[in-house]
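Participant: Predicted structure and sequence below. I'll ask about it afterward.
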Amino acid sequence: KGGKNRRRGKNENESEKRELVFKEDGQEYAQVIKMLGNGRLEALCFDGVKRLCHIRGKLRKKVWINTSDIILIGLRDYQDNKADVILKYNADEARSLKAYGELPEHAKINETDTFGPGDDDEIQFDDIGDDDEDIDDI
């Protein structure tokens, strides 16, 4: 065991496009409110119910889920206040779901590019220095 390069870093293949998965009966879209640890999270489902969700084994340590992510959960027949995380949507897939009308309009999708063109947060700069000062005078 050991050696110079025994374990390399994980391979990123996020550029690979996957087919958009829509909800079926017994499933619901939700937004993560709070990460609780131990493979659990608190999510606000878009049917208006706050549920305690369990991250299934296929996603644990492979798919990293953060707060305000859009996820697909499987509802339990015997427990309405608990559910299981089936899938995590990335930002592009969440935008597509919103465009298809699957997600409500009030759903805030976590945008990675928060500073768009013309978005300067209304900051005003005062021009204090004299622009007519010549470099030779210094």
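Facilitator: Here it is on my side, so go on. Residues are numbered from 1 along each chain as shown.
Participant: Now the nearest residue to N66 once chain neighbours are set aside: which helix or strand?
Facilitator: What sits nearest to N66 in space, not counting adjacent residues and going by CB to CB, 6 or more residues apart in numbering, is V32, at 6.9 Å. To be clear about C-beta, it is placed using only N, CA and C from the backbone, and glycine gets the same treatment. V32 is located in strand 27-37, with elements delineated by DSSP states H and E.
Participant: now swap in L87 and tell me
Facilitator: strand 82-89.
Participant: Now R95, what are its backbone angles?
Facilitator: Dihedral pair for R95: phi -60, psi -40, per degrees, to the nearest 10.
Participant: any idea how far it is from V85?
Facilitator: Separation of R95 from V85 (CB to CB, to the nearest Å) stands at 20 Å.
Participant: again with Y78
Facilitator: 18 Å.
Participant: likewise Q31?
Facilitator: 12 Å.
Participant: These two: who's more crowded?
Facilitator: Taking other CB atoms under 10 Å, Q31 and V85 do not tie; V85 has more neighbours (25 against 19).
Participant: re earlier: how many other residues sit next to the residue nearest to N66?
Facilitator: Residues near V32, counting by other CB under 10 Å, number 20.
Participant: Kindly report the same for R51.
Facilitator: By other CB under 10 Å, 22 other residues sit near R51.
Participant: mind checking the backbone torsions on the spatially most central residue of the chain?
Facilitator: By CA atoms, centre = their mean, the mean C-alpha position of the chain lies nearest to D69, the distance being 3.2 Å. The phi/psi pair for D69 (degrees, to the nearest 10) reads phi -80, psi 150.
Participant: out of everything not next to it in sequence, what's closest to it?
Facilitator: Using CB to CB, 6+ apart, the closest residue to D69 is V32 (4.9 Å).
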